[in-house]
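Trainee: I would like to see how this sequence folds:
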Amino acid sequence: MPEVTTPYVTGTPCWVDLMAKDQQAALDFYRDLFGWQGQPGPAEFGGYAVCQLNGKAAAGIGPAMAPEGMPTPPTVWTSYLAGSDAQATQDAIVAAGGTLLVPVMDVGSLGRMLIAADPQGAVFGVWQAVDFSGAQVVNEPGALTWNELHTSDIKGATAFYGEAFGIEMEPVEGDIEYWELKIGGRPVGGATLLSNDPPGTPAHWLTYFAVDDVDSTVDALVRTGGTVLAPPFDMVAGRMAVAADPQGAPFAMIKVTAM
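Mentor: Below you'll find the predicted structure:
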């Protein structure tokens, strides 16, 4: 199992979570789909559940909540980028033209977090690890394997994420519509043009989970109430599909081709 045993470098996607209107239904769905084990957590953390894959933290699922008088946030997966100093990162995000949605807050002794949107509107989180570093297993069937920015402005996104996180964005050789996000020369994610999405899709980060068989996983998803947004297809990295869970949260599944 590809276990993560070293701290995530600043700017690297390190965690994903879902705020669901029906937390238990989401926990049941992803348990059946990916084999996760999780249950609502303590009230002091809002019931947030850390889902485990073979005993290692894989993703979070919490109950959707909103301040009084505010609408409940959409049911979506949020990608978190690692930050060594959440307050300094928050300041850098604002200085680079981002919008602060949830200011820096302490999460017990686990770490510090914030939620923001880039200048094109793509929402993401920042996680400063203390006792909890983030995903403990990646690139394994049922685990997080890729995070992808969908943006209308590659030039603007390059400037923003470079200034706020030190992320470099480089075009993939031979592909005029895909970029790699790199930290210190190492790929940590991808970016694509929003024009490749259905009309009206807002800028966003798409979470990819690894699976051992895309087609059979899609069949299981449909049987348990999920929706197929892009049927299984072959692409340069392997075979993938895009789907939404029964509460509408989009995500991608991929079986990466062995190199």
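Trainee: can we go C-alpha only for contacts and neighbour counts from here?
Mentor: Fine.
Trainee: In three-state terms, label residue 91 for me.
Mentor: Three-state assignment for residue 91 (DSSP: H, G, I helix; E, B strand; the rest coil): helix.
Trainee: Any figure for the gap between it and residue 103?
Mentor: Plainly put, residue 91 is 10 Å away from residue 103 if you go by Cα to Cα, to the nearest Å.
Trainee: what does residue 255 give?
Mentor: 36 Å.
Trainee: Those two - which one has more neighbours?
Mentor: Neighbours per residue, other Cα atoms under 10 Å: of residue 255 and residue 103, the larger number sits with residue 255, 22 against 13.
Trainee: beta partners of the more buried one?
Mentor: Using DSSP bridges, the bridge partners assigned to residue 255 are residue 239.
Trainee: Mind listing the strands the helix or strand containing residue 60 pairs with, and their directions?
Mentor: Assigned by DSSP states H and E, residue 60 belongs to strand 56-63. Partner strands for strand 56-63, per DSSP bridges, with pairing direction: strand 13-20 (parallel), strand 49-53 (antiparallel).
Trainee: among those strands, which is nearest residue 165?
Mentor: Among the strands paired with strand 56-63, the nearest to residue 165 by Cα to Cα is strand 13-20 (11.0 Å).
Trainee: tell me the secondary structure for residue 27?
Mentor: Taking three-state DSSP, the label given to residue 27 is helix.
Trainee: Pretty sure it sits against residue 61.
Mentor: Yes: contact criterion Cα atoms under 8 Å: residue 27 and residue 61 qualify, at 7.0 Å.
Trainee: Quick check on those two: which one has the bigger neighbour count.
Mentor: Shown here are residue 27 and residue 61; by other Cα under 10 Å, residue 61 has more neighbours (25 against 22).
Trainee: In terms of helices and strands, where is the most centrally placed residue in the chain?
Mentor: The centroid of the chain falls nearest to residue 79 when counting by Cα atoms, centre = their mean (2.8 Å). Using DSSP H and E, residue 79 sits in strand 77-82.
Trainee: Kindly report the same for residue 24.
Mentor: helix 23-34.
Trainee: So which other helices or strands are in contact with that helix?
Mentor: Counting contacts by 3 or more Cα pairs under 8 Å, 6 or more residues apart in numbering; DSSP states H and E, helix 23-34 packs against strand 56-63, helix 214-223.
Trainee: let's see it at 7 Å
Mentor: Secondary-structure packing of helix 23-34 (3 or more Cα pairs under 7 Å, 6 or more residues apart in numbering; DSSP states H and E): strand 56-63.
Trainee: give me phi/psi at the closest residue to residue 42 other than its chain neighbours?
Mentor: Distances taken as Cα to Cα, 6 or more residues apart in numbering put residue 48 closest to residue 42, at 7.3 Å, once the chain neighbours are dropped. Per-residue torsions, residue 48: phi -60, psi 130 (degrees, to the nearest 10).
Trainee: In contact with residue 48: list those residues for me.
Mentor: With contact set as Cα atoms under 7 Å, 6 or more residues apart in numbering, residue 48 has these partners: 40, 41, 61, 62, 63.
Trainee: who's in contact with the first one?
Mentor: Spelled out, it's residue 40. Here residue 40 is in contact with 47, 48, 49 (Cα under 7 Å, 6+ apart).
Trainee: at 10 Å instead, please
Mentor: 23, 24, 27, 46, 47, 48, 49, 50, 51, 61, 62, 63 (Cα atoms under 10 Å, 6 or more residues apart in numbering).
Trainee: The fourth one now?
Mentor: The contact partners of residue 62, taken as Cα under 10 Å, 6+ apart, are 17-24, 26-27, 39-41, 45-50.
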